[in-house]
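Peer 1: pasting the structure only:
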């Protein structure tokens with residue numbers, strides 16, 4: 001039974017490492033855009049805009065109160 005719980009305790013670390021690996025390889029093609037200040041500002045502002053838009057959509061879908 002001890003081996004079972006030891007094996008189950010490894011799954012969260014495995015899941016985290018897989019997720020970090022996917023994020024790492026998804027961001028690698030964007031590295032050249034961060035070399036120039038103009039494209040870096042555009043990339044950062046597009047990312048922030050996408051996160052705000054996603055937050056507003058989820059807030060509306062879930063019926064949460066606006067701040």
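Peer 2: Structure received. Quick caveat, the model's predicted, so the values are computed rather than measured.
Peer 1: what about the lowest-mean-pLDDT helix or strand in the chain, distance to the chain center?
Peer 2: Counting by mean pLDDT, DSSP states H and E, the weakest-scoring helix or strand in the chain turns out to be helix 2-27, with a mean of 89. Relative to the centre of its chain, helix 2-27 is centred 16 Å away, using C-alpha atoms, centre = their mean, to the nearest Å.
Peer 1: next structured bit after that helix?
Peer 2: helix 37-62 (DSSP states H and E).
Peer 1: any idea of the mean pLDDT for that next one?
Peer 2: If you average the pLDDT over helix 37-62, you get 94.
Peer 1: quick one: the residue nearest to the spatial centre of the chain and residue 12, what's the gap?
Peer 2: With distances taken as C-alpha atoms, centre = their mean, the residue of the chain nearest its centroid is residue 23 (6.6 Å). Counting by C-beta to C-beta, to the nearest Å, the gap from residue 23 to residue 12 is 17 Å. Where C-beta positions appear, they are placed from N, C-alpha and C, glycine not excepted.
Peer 1: and if you look at residue 22?
Peer 2: Residue 22 is 16 Å from residue 12, by C-beta to C-beta.
Peer 1: hang on, residue 43 packs against residue 34?
Peer 2: Yes - taking C-beta atoms under 8 Å as the definition, residue 43 is a contact partner of residue 34 at 6.8 Å.
Peer 1: What are the phi and psi values at residue 64?
Peer 2: Per-residue torsions, residue 64: phi -80, psi 150 (degrees, to the nearest 10).
Peer 1: what about it, neighbour count?
Peer 2: Counted with other C-beta atoms under 10 Å, the neighbours of residue 64 add up to 10.
Peer 1: repeat for residue 33
Peer 2: 13.
Peer 1: I'd guessed it sits against residue 43; true?
Peer 2: Yes - if you go by C-beta under 8 Å, residue 33 and residue 43 touch, sitting 5.1 Å apart.
Peer 1: Contacts only, for residue 30.
Peer 2: Residue 30 sits next to residue 43 when contact means C-beta atoms under 8 Å, 6 or more residues apart in numbering.
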